[in-house]
Structures are given as C-alpha cells and as structure tokens.
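Visitor: this one's structure only:
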C-alpha cells in the first residue's frame, strides 16, 4: 500500500482527520450525507430561525452531490461531485457546528480554509466526470430530508471504499496551492 493511501471510516474523529495530509488518497467506508446549494440554503435558514437541522453534523461528512436517478438494481445513479465553492457562504457555520469533512471539487474560499483549521476538519475532492464509477462505492441511498428539493434533497449514503483525495488538511495545507502546473 502506498504510504499516501489511507482507509478511513465515517463518521470521522479528530485524530483521523489530523493524521490526513493534503495529497493523501483515501478510501472512505461508512455513512456520509449529501447536500448541495438548495439544501445548504435551507439549513442556513433553519439555523437563523433557531431551528433544528435534519442531520447531526457532529463528525459527519457532507458530499456535494445531486445524483442522477438510480438504474434498476442500483441504490443511486451517477454520483459525481459538484463545485464546492457554491457552498462556501454556508460552510464555515456548518464546520463550527461540528461538520468534520466535505467532499466536492474545486477550490475553497479563505473563510472556509480558516474554518477547516479552526475546527480540525478536512476537505476531500472526488474526481469530477467519474460519477458512474463513484456510484459503485455507494451501497445504499436514502432521502432523509428536504424531499421536495428532488436531486438536492439530503440523502444518507452508505459507502465502501469511496475514493477521494485530501485537498485541504486540518493544518490548512492546500493541495491546489502545492501543485504547480
């Protein structure tokens, strides 16, 4: 096994997150949740109204995903990541509430990076354009909140060896800044 390959379990704990370094390849097994733009907006509105979120964020991972419909015999359709920057205005608050990791694609804002370091969190990237391949690591999918949002509803996913790359680690190291083209 490559020393940069790591097998981790979700939900995450602080020690696991702090052992990850930008550039590590990880395989995630366990429970993760999906949420995109509309779900993030609704969670933010709920928090502003002193409401309760439909999921416990503590130590969990949110995958920025709006899957396509499932094919017969599969729990989910194509499951590629969406651009993470669209969630940046909501992310620091969610990290401060205990969210431990995010999976998406693309760069993050300075505010998100600061919240990642402040809360010992991690940002993973999944490979865009490989949604059909990524869906093979998802063994179950269940809508658990905001069903009216369709593909943007919050889903609970069970994953086995879901492949991702650590882009921003808990120390603030950013793979996108380390790589020179």
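Guide: Now that the structure is in, tell me what you want to look at. Since the model is a prediction, treat every value here as computed from it, not as a measurement.
Visitor: contacts for the biggest helix by length in the chain next, please.
Guide: Counting residues, the longest helix in the chain under DSSP state H turns out to be helix 37-48. Helix 37-48 has contacts (CB atoms under 8 Å, 6 or more residues apart in numbering) with 35, 52-54, 82, 86-87, 90-91, 93-94, 97, 145-146, 149, 152-154. Where C-beta positions appear, they are placed from N, C-alpha and C, glycine not excepted.
Visitor: ok, which stretches of this structure are strands?
Guide: 5-10, 25-34, 61-63, 101-104, 122-125, 138-145, 154-168 (DSSP state E).
Visitor: the bottom helix or strand of the protein by mean pLDDT?
Guide: Every helix and strand of the chain was ranked by mean pLDDT, DSSP states H and E. The lowest is helix 131-135, at a mean of 86.
Visitor: may I see the buried residues of that helix?
Guide: Neighbour-count burial for helix 131-135, with 16 or more other CB atoms under 10 Å as criterion, is recorded at 131, 134-135.
Visitor: what's it in contact with?
Guide: Residues contacting helix 131-135 (CB under 8 Å, 6+ apart): 67-68, 74, 76-81, 126-127, 162-163.
Visitor: take the residues you listed and lay them out in a markdown table including neighbour count and pLDDT.
Guide: Putting the contacts of helix 131-135 into a markdown table (neighbours: other CB atoms under 10 Å; pLDDT from 0 to 100) gives the following:
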| residue | neighbour count | pLDDT |
| --- | --- | --- |
| 67 | 22 | 85 |
| 68 | 14 | 83 |
| 74 | 13 | 88 |
| 76 | 23 | 88 |
| 77 | 16 | 82 |
| 78 | 18 | 84 |
| 79 | 28 | 89 |
| 80 | 20 | 86 |
| 81 | 25 | 92 |
| 126 | 24 | 95 |
| 127 | 14 | 86 |
| 162 | 27 | 96 |
| 163 | 18 | 97 |
